[in-house]
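Chemist: Task: produce atomic coordinates for the following.
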Amino acid sequence: MSSFLDYPAAKPSEVETMAAVTYSKHGNPSVLTLDDNFPRPIPRDDQVLVQVHATSVNPVDYKLRRNPMPNFLNPKPKIPGGDVAGVVVGKGMNATKFEEGDSVAALLPLLGSQWGSSAEFVAVKESYLSAIPESISFER
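Modeler: Got it, this is the predicted structure:
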C-alpha cells in the first residue's frame, strides 16, 4: 500500500509563476506571506493542474504551520491548504480521467509536499480528484 509520502510532488516551473500564501518557518500567523511570484507547479505524468476556485482553512493547516516538524514531512516554503475545488487547466500525459475545463475537488496530501490549495494553481494526483457535478457552482 502506498502513502502520501511515497508520492513525488509536482516540480516547480522555472518560468511561470502564480500568487500563493506561503510560510518558510513555523510560527504564528505572522509567518504567512503572500508571494505573487511563487513558481507554478508543473504536473507530473499522473497529475492534473487545477486552477483553484475555492479552498478552506482547517485546524490541521494552522497546526502544521505552528508546530515544528522535520522538513521531509513539511517541506518549505509551504503553501497551506488541503481542500481544493477548481477547474482542470492542464494534465500530465498519463492523466486520462479528466479534461481541461472539468470542475473537480480533492483533499490534498497534508504531509510530504510543499504544495497546498492557498494558491492560484495546484497539481493533484488524478486519483485524488472527484468530479463536481455541473449543477453545483463554486459560489455555493
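Chemist: What segments of this structure are strands?
Modeler: Applying DSSP state E to the chain gives strands spanning 11-22, 33-42, 47-55, 83-91, 103-107, 121-125, 129-131.
Chemist: Quick one: closest of those to residue 97.
Modeler: Nearest of the strands of the chain to residue 97, taken as Cβ to Cβ: strand 129-131 at 7.4 Å. Every C-beta, even on glycine, is put in place using the N, C-alpha and C of the backbone.
Chemist: what about that closest one, average pLDDT?
Modeler: For strand 129-131, the mean per-residue pLDDT is 97.
Chemist: Can you name every helix or strand that it contacts?
Modeler: strand 103-107 (3 or more Cβ pairs under 8 Å, 6 or more residues apart in numbering; DSSP states H and E).
Chemist: For the strand it packs on, buried residues please.
Modeler: For strand 103-107, a neighbour-count test (16 or more other Cβ atoms under 10 Å) marks 103, 104, 105, 106 as buried.
Chemist: of those residues, closest to residue 135?
Modeler: Nearest to residue 135 among the buried residues of strand 103-107, with distances taken as Cβ to Cβ, is residue 103, at 10.6 Å.
Chemist: how close does the closest one sit to residue 134?
Modeler: Residue 103 is 7 Å from residue 134, where distance means Cβ to Cβ, to the nearest Å.
Chemist: how about the nearest residue to residue 25, chain neighbours excluded?
Modeler: Take residue 25 and drop its neighbours on the chain: the residue closest to it by Cβ to Cβ, 6 or more residues apart in numbering is residue 31, 5.6 Å away.
Chemist: Can you give me the pLDDT of that neighbour?
Modeler: For residue 31, pLDDT reads 96.
Chemist: Can you check which of the strands of the chain gets nearest to residue 62?
Modeler: That would be strand 11-22 among the strands of the chain, by Cβ to Cβ, at 12.3 Å.
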